[in-house]
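>>> model this:
(one chain, ligands or ions: 1)
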Amino acid sequence: MHRMIVLYHSRTGNTEKMARAVAEGAIAAGAEAVTSRVDGFKAEHLRDYGAIAIGSPTYYGGMAAEVKKLIDESVRLHGSLDGKIGGAFASSANVGGGNETTVMDILQAMLIHGMVIQGTHVGDHYGPVAVGVPDQRALEGCRALGRRMARLMQAVDGRLASGA
Ligand SMILES: Cc1cc2nc3c(=O)[nH]c(=O)nc-3n(C[C@H](O)[C@H](O)[C@H](O)COP(=O)(O)O)c2cc1C
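Residues are numbered from 1 along each chain as shown. So this is what the prediction gives:
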């Protein structure tokens, strides 16, 4: 299943720009990738993707309530996201405003689902972050996340069996 979804919440467009760049990177690496706002996205549809990237603006140092709502709804799928590829990205207003803690907030939920997350030794180690409108550095980090998630999904090719 070489399909990836890039889910995001965004009020003022910053995280949305990052989401588009993540999808661009995945498509450039040969994956099928779509973006979707979290609002109205049914948690059950997470099953349909081999890779799931989630982006959020930083709200008080963590993910937006809209993103948390989807994650909490995903309890209905508990166990069936095991082995899927995960990744996260975040926007904030301030340097040191909590964008990394927001990425970790999302990755923590993904790990609880048993998802597989690849960090990076260059750039933003946990996942791409931006301050305000994403600049070229941040957008390239987003494209790199998409590429790396797509390649991992293709390499795994369903061989990561679900279960203990
Ligand atoms: C309710 C709320 C809480 C916020 N909390 C933080 C914060 O803790 N740290 C920070 O740097 N920015 C904070 N911001 C600013 C947003 O994270 C920032 O403007 C972000 O780029 C918005 O992304 P968007 O354009 O995708 O909506 C907050 C904004 C709102 C509306």
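>>> who touches stretch 54-72?
6-12, 14-15, 18-19, 22, 38-39, 41, 43, 86-93, 97-99, 101-102, 105-106, 109-110 (Cβ atoms under 8 Å, 6 or more residues apart in numbering). Any C-beta I mention is one placed from the backbone N, CA and C, and that applies to glycine too.
>>> the ligand next: which of those are close?
When Cβ under 6 Å from any ligand atom is applied, the members of those adjacent to the ligand are 10-12, 14-15, 91-93, 97-98.
>>> of the residues you listed, select the buried ones using a ChimeraX command.
Entered in ChimeraX, the line below selects the buried ones among those, by 16 or more other Cβ atoms under 10 Å:
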select :10,14,15,91,92,97,98
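>>> quick one, strands of the protein?
For the chain, the strands defined by DSSP state E cover 3-8, 32-37, 51-57, 85-92, 116-117, 129-131.
>>> where's the residue of the chain found nearest the ligand relative to Phe89, distance?
Nearest to the ligand, among the residues of the chain, is Gly97, at 2.0 Å (Cβ to the nearest ligand atom). Applying Cβ to Cβ, to the nearest Å, the value for Gly97 to Phe89 is 15 Å.
>>> in the sheet, who's paired with the residue most central in space within the chain?
For the chain, the residue sitting closest to the mean C-alpha position, by Cα atoms, centre = their mean, is Ala53 at 2.2 Å. Using DSSP bridges, the bridge partners assigned to Ala53 are Val6, Gly87.
>>> just the pLDDT at it, thanks.
pLDDT recorded at Ala53 is 98.
>>> who's in contact with it?
So Ala53 contacts 4-7, 19, 22, 86-89, 145-146, 149 (Cβ under 8 Å, 6+ apart).
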